[in-house]
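Novice: Predicted coordinates and the sequence they were generated for:
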Amino acid sequence: MNSRKNVTLWLGIGIVSALLLLMAVSLFYVPYGANEMNIAHRLQAPGRAHWFGTDNFGRDILSRIMEGTQTAFAVGFFSVCIGAAGGFAVGSAAGYLGKWTDELLMRAVDALMAFPGILLALIFVTIFKASLPQTVIAIGVIFIPGFARVIRGGFLQYKEADFVKAARGLGAGHGTVIFRHIVPHVLSSVIVTASLCFSTAILAEAALSYLGLGVQPPDPSWGRMLNESQSYMNKAPWFALAPGLFITATVLGFNLLGDGIRDLRDRRA
Amino acid sequence: MNLAYVTRRLATLLLTVFFVILITFFAFRIIPGNPALAILGTEATPEQIQALEAKLGTDLPLGVQFVHWLEGAVTFDFGESLRYSEPVLDLIAGRLPVTFSLALLALAITVLTAVPLGIAAARRRGKALDLLVSGLTQIGLAIPSFWSGIVLVLVFGVLLRWFSVSHYVPFAENPWLSLRSLVLPAVALAIPQIAIVVRYLRTTMLEQLHLDYVRTARSKGLKPSAVYYKHALKNALIPVVTVVGINFGEILAGSLVIEQVFTLPGLGRLLITAIGNRDYPLVQGLVLLIASIVVAVNFIVDLSYAWLNPKIRLR
């Protein structure tokens, strides 16, 4: 059993590091410019010159996939940061203060949780124009209730623990109690949530961009590539394969990573 | 089922619906600048803007606007679409059957596939089949449904030509053709949901198999299939009901995207087109309705869960 759990974690680490490496490489080198058009070479099948083929403008699909890793990781990272920061504010206030603050904040969290995330994001991009930062904020806001619940749960569990009482008895202030004594214990749950949210963020960005309501051209996005590929399904069926495979691999990597870390933590506990 | 529990859940439901009404109202009041100007563009004359403001009701004080929106929401009167000059409710009613039949078909596929797979994985815990299923569910969770939709179109529509892709037939017109036009999108929607239910059912089955009543059933000489299907499954399915209920909401949200892939004339296409047209009354009405359906389904699921499992009511 143990060895199998480790497989999950190591597979996750492997996939995520491979993608991170690809992103790092793309910062310095891509085979062709991601926006370099070459109409003479449009819709070419995968071959030695273009490993994943070319798109309707003759752009190299591999280069666009590589630069797409930057978009995917940026959206994942920053939206998870927004979710975690917002969730920390709400969750720690609810868990630490308790009483009516807790009741009020948690009812609002329940209501937000019941609201389908993609709808919330769609409203957001309707009101503010669709673009990369807008997409990041819209997705980040969706994560706030989830983080808030996890963090509140941790605070409730630890705020009456003996070591916290001891710290208080020794005269520690609220700030010290929260950041030095409670937060380190809550951190592992937050990391698990962050990893799972990261994959949700990549799926959500892909969906929004596929609908034309996320990342806008010329910024490369895997979701947007899938959107563009659909008009050329008969002529260039390979066009849709690479972007979808990369979305799936990235999501799979972060899911496995999250599951693996959770198993590791549960076994230690 | 005790009344106090139902009342408490109902209060939460109403609070959530009110919250949804509040979000849909204020979201469209914080549009930077003037909504009428945003719709008409900068070349509009002041008269045009004034006329549209009167039509949208945005020239009234905020409090009055909110009361109007609340009244409308309760009576299902969401105003008139700017683009189609038709009542929003009529437009929604015309598209609802498409999205609903898609969601129901996807849910049916989910349950029919996931239950046998989940049981099989639990029965052969740690064996090859279990590992295979758990690997497949991880992949199923990671595949975006709109991409599996595209791949299904490529394989069955473009390569094999088994299905007429992107040609919707209403159920009343021809049930068989209608089902055929919905099968591929429903499968694409179902894949991640199947993965979720299989994982969940496998866990709850394994929990049940450790309990005393299962040992009793085994030791009195019951056949293994009777132990699994008659005893353990019944109890293992209780938490699964909740998951399936949550799935319905996710399937509904997923169909918003998948309808674009298969050009199905449902709520999703209506919503995306409305967003593109800046048809605010239509977007507002659609968001309110879809969110309310999801909230209502979750409420029903909560009640059925409590009905199936009396212990939950004590909490």
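Specialist: Happy to help now that I have it. Numbering: from 1, shown residues only, chains lettered A, B, ... in the order given.

Novice: Residue A:96 contacts residue A:155, doesn't it?
Specialist: Yes: the pair residue A:96 / residue A:155 is scored as a contact, 5.3 Å apart, by Cβ atoms under 8 Å. All C-beta atoms are positioned from the backbone trio N, CA, C, and that covers glycine.

Novice: can you list residues touching both of the two?
Specialist: The contact sets of residue A:96 and residue A:155 overlap at residue A:182 (Cβ atoms under 8 Å, 6 or more residues apart in numbering or on different chains).

Novice: of those two, who's got more company?
Specialist: residue A:155 (24 against 19; other Cβ atoms under 10 Å in any protein chain shown).

Novice: Find the nearest non-adjacent residue to that one, please.
Specialist: residue A:95 (2.6 Å; Cβ to Cβ, 6 or more residues apart in numbering or on different chains).

Novice: count of neighbours near that neighbour?
Specialist: By other Cβ under 10 Å, neighbour count at residue A:95 equals 26.

Novice: ranges for the helices of the stretch 151-269 of chain A?
Specialist: A:162-169, A:174-176, A:183-210, A:222-229, A:241-268 (DSSP state H, counting those that start in this stretch).

Novice: The first one to helix A:183-210, inter-axis angle?
Specialist: Our comparison of helix A:162-169 with helix A:183-210, counting by axes from the mean of the first three to the mean of the last three Cα atoms, to 10 degrees, yields an angle of 110 degrees.

Novice: Now the phi/psi pair for residue B:87, please.
Specialist: phi -60, psi 140 (degrees, to the nearest 10).

Novice: Tell me, how many residues neighbour the closest residue to it other than its chain neighbours?
Specialist: Nearest non-adjacent residue to residue B:87, counting by Cβ to Cβ, 6+ apart: residue B:80, 5.7 Å away. Using other Cβ under 10 Å, residue B:80 has 20 other residues around it.

Novice: and the gap between residue B:80 and chain A?
Specialist: 18 Å (Cβ to the nearest Cβ, to the nearest Å).

Novice: Could you double-check that that residue sits in contact with residue B:90?
Specialist: No: between residue B:80 and residue B:90 there is no contact under Cβ under 8 Å: 9.5 Å.

Novice: Now residue 100: which helix or strand?
Specialist: Chain wasn't specified; assuming chain A. Using DSSP states H and E, residue A:100 sits in helix A:99-114.

Novice: my bad, chain B
Specialist: Residue B:100 belongs to helix B:88-123, assigned by DSSP H and E.

Novice: do residue A:44 as well
Specialist: Counting by DSSP H and E, residue A:44 is part of no helix or strand.

Novice: So for it, what's the pLDDT?
Specialist: With respect to pLDDT, residue A:44 scores 73.

Novice: Apart from its neighbours in sequence, what residue is nearest it?
Specialist: residue A:54 (4.4 Å).

Novice: How about the helix or strand residue A:80 falls within, which residues are buried there?
Specialist: In this assignment (DSSP H and E), residue A:80 forms part of helix A:61-97. By 16 or more other Cβ atoms under 10 Å in any protein chain shown, the buried positions in helix A:61-97 come out as A:61-76, A:78-80, A:82-84, A:86-88, A:90-96.
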